[in-house]
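Peer 1: Give me the fold of what follows.
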Amino acid sequence: MHENLTIIDHPLVQHKLSLMRDKETSTRSFRILIRETGTLLAYEVTKDLPLITKEIETPLMKMNAPFLEGKKLCLVSILRAGNGLLDGFLDLVPSARVGHIGLYRDPETLVAVEYYLKLPELIDQRLVIALDPMLATGHSSAAAVTRIKENGAANIRFVCLLAAPEGVEYFNKIHPDVKIYTAALDDKLNDHAYILPGLGDAGDRIFGTK
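Peer 2: Numbers count the residues shown, from 1 in each chain. Here you go, the predicted model:
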């Protein structure tokens with residue numbers, strides 16, 4: 001097993017992922033499924049958040065009730081496909097702050113090129129969860145996390161639907177301090193750096209483009 005890798009094997013996650021893998025699944029259905037899966041992943045990724053207690057009053061009595069501690073979460077969508085997972089995370093944590101980073105992979109060199117970056121304030125005081133459905137070569141994801149770190153973030157987690165062994169190995173080499181959460185570790189990359197068996201291009205399937 002790779003270091004810092006958590007595979008979320010909940011039956012509902014696996015079922016919805018299988019539906020997303022099916023090439024016959026429509027754009028509409030894929031979009032709904034990735035949002036639902038994002039919510040399920042969010043539940044797992046946030047299960048160890050620290051809590052504090054505050055006194056409240058129920059209709060019957062006073063009590064010390066648990067609440068999340070510290071600053072609001074920061075979710076960073078790695079554009080454009082990250083937005084598919086982002087919606088699901090926001091369904092569960094609607095008060096989270098949201099950042100976006102735009103990267104594209106140069107088709108010749110496969111190097112990640114940045115074209116957009118906008119992050120919330122006080123990112124150094126927040127848990128940052130970076131979102132991108134596919135961890136293929138790992139270059140784009142690692143570059144995005146590097147930029148997030150350069151802007152002050154220290155507590156970062158990375159969430160994807162699918163990961164390739166090559167991508168996990170590369171990401172761990174660049175960011176050994178960042179945990180990866182995924183629904184599946186697939187077999188390998190093909191010659192065009194697509195994950196096999198994979199689900200195709202997540203962005204195209206979310207937005208209905210080719």
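Peer 1: At which residues are the helices of the chain located?
Peer 2: Assigned helices in the chain, in chain order: 11-21, 27-45, 82-92, 139-150, 165-174, 202-207 (criterion: DSSP state H).
Peer 1: Excluding chain neighbours, what is closest to Leu92?
Peer 2: Counting by Cβ to Cβ, 6 or more residues apart in numbering, Ala42 is the residue found nearest to Leu92 once chain neighbours are left out, at 4.4 Å. In short, each C-beta sits where N, CA and C put it, glycine included.
Peer 1: cool, and Thr137?
Peer 2: In space, Thr137 is closest to Ala193, 5.2 Å off (Cβ to Cβ, 6+ apart).
Peer 1: didn't that neighbour look like it was pressed against Gly138?
Peer 2: No. Assessed by Cβ atoms under 8 Å, Ala193 is found out of contact with Gly138, at 10.1 Å.
Peer 1: Read off the pLDDT value for the residue nearest to Thr137.
Peer 2: With respect to pLDDT, Ala193 scores 87.
Peer 1: just to revisit the earlier point, of Ala193 and Gly138, who's got more company?
Peer 2: The neighbour count for Ala193 versus Gly138, taken as other Cβ atoms under 10 Å, is higher for Gly138 (25 against 16).
Peer 1: The more buried one and Ile174: what is the separation?
Peer 2: 8 Å (Cβ to Cβ, to the nearest Å).
Peer 1: now Pro165
Peer 2: Between Pro165 and Ile174 the computed distance is 15 Å (Cβ to Cβ).
Peer 1: who's in contact with Tyr170?
Peer 2: Thr137, Gly138, His139, Ala142 (Cβ atoms under 8 Å, 6 or more residues apart in numbering).
Peer 1: of all these, which comes closest to Leu51?
Peer 2: Closest to Leu51 out of those is Ala142 (31.5 Å), distances taken as Cβ to Cβ.
Peer 1: give me the number of residues near the closest one?
Peer 2: 21.
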